[in-house]
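Asks: Below: sequence and its predicted model.
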Amino acid sequence: MLENCIENVRNQTPLVHNITNYVTVNDVANVILACGGSPIMADDKEEVSEITAICGGLNINIGTLNKRTIEAMVIAGKKSNELGHITVLDPVGVGASKLRTDTANRLINEVKFDVIRGNISEIKTLALGNGTTRGVDADVADTVTKENLDSMVKFAKDFAKKQECVVAITGAIDLVADSDKCYVIYNGKPQMSKITGTGCQLSGMITAFVVANKDNKLEAVASAICTMGLAGEIAFSHLKEYEGNSTYRNRIIDAIYNMDSETLSKGAKYEVR
Amino acid sequence: MLENCIENVRNQTPLVHNITNYVTVNDVANVILACGGSPIMADDKEEVSEITAICGGLNINIGTLNKRTIEAMVIAGKKSNELGHITVLDPVGVGASKLRTDTANRLINEVKFDVIRGNISEIKTLALGNGTTRGVDADVADTVTKENLDSMVKFAKDFAKKQECVVAITGAIDLVADSDKCYVIYNGKPQMSKITGTGCQLSGMITAFVVANKDNKLEAVASAICTMGLAGEIAFSHLKEYEGNSTYRNRIIDAIYNMDSETLSKGAKYEVR
Amino acid sequence: MLENCIENVRNQTPLVHNITNYVTVNDVANVILACGGSPIMADDKEEVSEITAICGGLNINIGTLNKRTIEAMVIAGKKSNELGHITVLDPVGVGASKLRTDTANRLINEVKFDVIRGNISEIKTLALGNGTTRGVDADVADTVTKENLDSMVKFAKDFAKKQECVVAITGAIDLVADSDKCYVIYNGKPQMSKITGTGCQLSGMITAFVVANKDNKLEAVASAICTMGLAGEIAFSHLKEYEGNSTYRNRIIDAIYNMDSETLSKGAKYEVR
């Protein structure tokens, strides 16, 4: 089932409204195009309701939040809920400042999200108020490992249950959970962490996948994450020895562009817990 | 004549002031550099008059407009007019929200543009108030085709006459019209639509081309569009089977960087109506 | 000594807070990752103090300044000083508008910088109030050449003495000076000027280098500049004849990603005056 999600994206070309940071926004747009969606960026409070209304999904990313855009996020989020559209939160760097933590908590309180995706430190901060966020990267103390997998899966399910949404915790091992089922995904390469914005890109792609696979949200998120991880593996295999993180960034998006069900079916590495 | 325009850009290195969206701004800057111009981005109302004054052209793009930058667009546009500088409008997503439509109309009313470039839905919205904009992409119902070419050419000329400017409608077939002449351009590849911001890039490049070819504005715009389309064809020919939209984006800019009169002369595919 | 600086960056993974322009911000982030640092972007006045506090260095770049972000720059700069963190200024386009000149002067007056990096026109504007800035590029009248090297070195040292910081003037020949020592660096390729943001990238990388080499600030800056220039040479050697400025941009970042002490030791071209 996971492997068919991307075909649905390509067949439906879902429009995704992104209120996102200016660091990685271009890559987010190109990734959404690569997987078969169509991105729109708009962050002025006067227009976000209308833009959200013509889209199928809304992707809120707080990476370079400010007072003006926070208002827009709340307005767009509420509109998206009102219309029953898919709504995704990427709480970038939550825990690193009071503004980020307050904003993420406000968003979670005022908007119902279908998916929340972050690294383990971000999700811990949201769930427990005590993640050890190191800037925008997860702290090593928080890593999901084979040793702590059982407790991490439980943690993800519990937070998903509390929030009534799909929770995606991405890192070396990715967890995608609803209240009673968790995909544990082993795709990807450690070198992906040396590219800015792979998380942001993933949240954009997740939004497109869930819009096009509304009846299987959990699988859609897992599929998007397998797609990104597998693209990271494929892209890595094409890198020449003098190439580095910048070319790798391009090749990952390229690999998403060329991803199909068959490749995903063969390459996806996951288990269900 | 079309083929010499780019040499004039390279010889004159025109400075282009861009008030543009944060999604595609980096590519816009690199494309302006690639064709021989020099880009400056500045969007605070306190400085845009001065920045416009030291440039040869102003490129206004409403892709991620907000209250603050809308004011800056109007101020810069008026200053550009006052100084007789080349002024270009890219009404991204006009029709998708009241804010975009109002802003584009305000700009057209308060600023005299030398060139307006958009997709067919955007231009229809500006001209008729009824384009069927689907986010930031043209709706398929609006497409310029061989079948409706005569009426579309007339539409472009009529709008150019009304606005007293060059109108560029870009898509699978591109139209570049003033009140009595229309270039119909057949360069390009459908895969270019899977790259974010090729339109934005084109508007930036058009500005540089017109500044360096002031006496032949229509030809300068047509030349910039042929250059972009031909670059899309050349870039595509270098793509490996595992490469996709991200590498394609880079290779198009590369191909513009390497474009010369001879290549353009051989590769430009257009007719005049 | 220059050649070991990058290993210290890789070993310490310094966090760098960037308040920078939206044109080149993605490349700045990827360059900081490429050299071994970790970038964070945040520009709202409510959070910049906290973000600066968790980082080791602050990189302020005025490339697309506005009223809101100027306040954030001042607040973050003062906090960085208070904590004894490395603080770097990139006065992009100072001289091109009153807002830029006033802002750069305000920053210099209210914040103590460890490093100021700009092109010769920008540094002249700061030091003398009379650089002939041509937009965001240095004016040819200002170029550092072999003929005027002695006087330029003296100029750099004098300004460094006055500001009590390291002054980096980058161009075809780069100067890195404190009050009594100046590195004159000959790495790099002229084609690098056809890529937007190599200066911005350099300032980000300089911040990471100085944070990781606090006891040798002058050498750390010189090392970062050699690294960028040498990366430009290595990247150029891998370009195919149909590749241009966009692919070149990626390959330079790639070459930084692959840079090591041995390569730098062999390739660095500089003298000390």
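Replies: Happy to help now that I have it.

Asks: So which elements touch the helix or strand that A:Val211 is a member of?
Replies: Assessed by DSSP states H and E, A:Val211 sits inside helix A:198-212. The elements that helix A:198-212 packs onto, with contact taken as 3 or more C-beta pairs under 8 Å, 6 or more residues apart in numbering or on different chains; DSSP states H and E, are helix A:5-12, strand A:15-19, helix A:25-35, strand A:57-61, strand A:86-90, strand A:115-118, helix A:217-237, helix A:245-257. Where you see a C-beta, it was placed from the backbone N, CA and C, and this is true even at glycine.

Asks: Format these as CSV; extra columns: distance to chain B and mean pLDDT.
Replies: Shown next, in CSV, are the helices and strands packed on helix A:198-212 (distance: least, C-beta to the nearest C-beta, whole Å; pLDDT from 0 to 100):
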stretch, distance to chain B, mean pLDDT
helix A:5-12, 11, 98
strand A:15-19, 5, 98
helix A:25-35, 4, 98
strand A:57-61, 12, 98
strand A:86-90, 16, 98
strand A:115-118, 21, 98
helix A:217-237, 7, 98
helix A:245-257, 3, 98
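
Asks: of these, which approaches chain C most closely?
Replies: Smallest distance to chain C across the helices and strands packed on helix A:198-212 (C-beta to the nearest C-beta): 3.6 Å, for helix A:245-257.

Asks: Could you see whether chain C lies near the closest one?
Replies: Yes: Helix A:245-257 reaches chain C (C-beta under 8 Å from any C-beta of the partner chain) through A:Asn245, A:Ser246, A:Thr247, A:Arg249, A:Asn250.

Asks: quick one, what contacts the residue lying closest to the last one once chain neighbours are set aside?
Replies: Right, the one you point to is A:Asn250. In this structure, A:Asn250 finds its nearest non-sequential neighbour in B:Ser246, 4.1 Å apart by C-beta to C-beta, 6 or more residues apart in numbering or on different chains. B:Ser246 makes contact with A:Asn30, A:Ala34, A:Arg249, A:Asn250, A:Arg251, A:Ile252, A:Ile253, A:Asp254, A:Tyr257, according to C-beta atoms under 8 Å, 6 or more residues apart in numbering or on different chains.

Asks: repeat that with 6 Å
Replies: Neighbour list for B:Ser246: A:Asn30, A:Asn250, A:Ile253, A:Asp254 [criterion: C-beta atoms under 6 Å, 6 or more residues apart in numbering or on different chains].

Asks: Quick check: of those residues, which has the highest neighbour count?
Replies: A:Asn30 (31 neighbours; other C-beta atoms under 10 Å in any protein chain shown).

Asks: Now render the helices and strands packed on helix A:198-212 as a markdown table, adding distance to A:Glu271.
Replies: What follows is the helices and strands packed on helix A:198-212, written out as a markdown table (distance: least, C-beta to C-beta, whole Å):
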| stretch | distance to A:Glu271 |
| --- | --- |
| helix A:5-12 | 18 |
| strand A:15-19 | 29 |
| helix A:25-35 | 24 |
| strand A:57-61 | 28 |
| strand A:86-90 | 24 |
| strand A:115-118 | 20 |
| helix A:217-237 | 11 |
| helix A:245-257 | 23 |
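
Asks: now the residue nearest to A:Ile206 when sequence neighbours are not counted: how far from A:Thr143?
Replies: Spatial nearest neighbour of A:Ile206, excluding adjacent residues (C-beta to C-beta, 6+ apart): A:Ala224 at 4.5 Å. Distance of A:Ala224 to A:Thr143, computed by C-beta to C-beta, to the nearest Å: 22 Å.

Asks: Compare neighbour counts for the two and give me the winner.
Replies: A:Ala224 (31 against 16).

Asks: That one touches A:Phe209, doesn't it?
Replies: Yes: assessed by C-beta atoms under 6 Å, A:Ala224 is found in contact with A:Phe209 at 4.1 Å.

Asks: what's the neighbour count on A:Gln262?
Replies: No Gln there; residue A:262 is Glu. When neighbours are counted by other C-beta under 10 Å, A:Glu262 comes out with 9.

Asks: Mind checking what secondary structure it has?
Replies: Three-state call for A:Glu262 (DSSP: H, G, I helix; E, B strand; the rest coil): helix.
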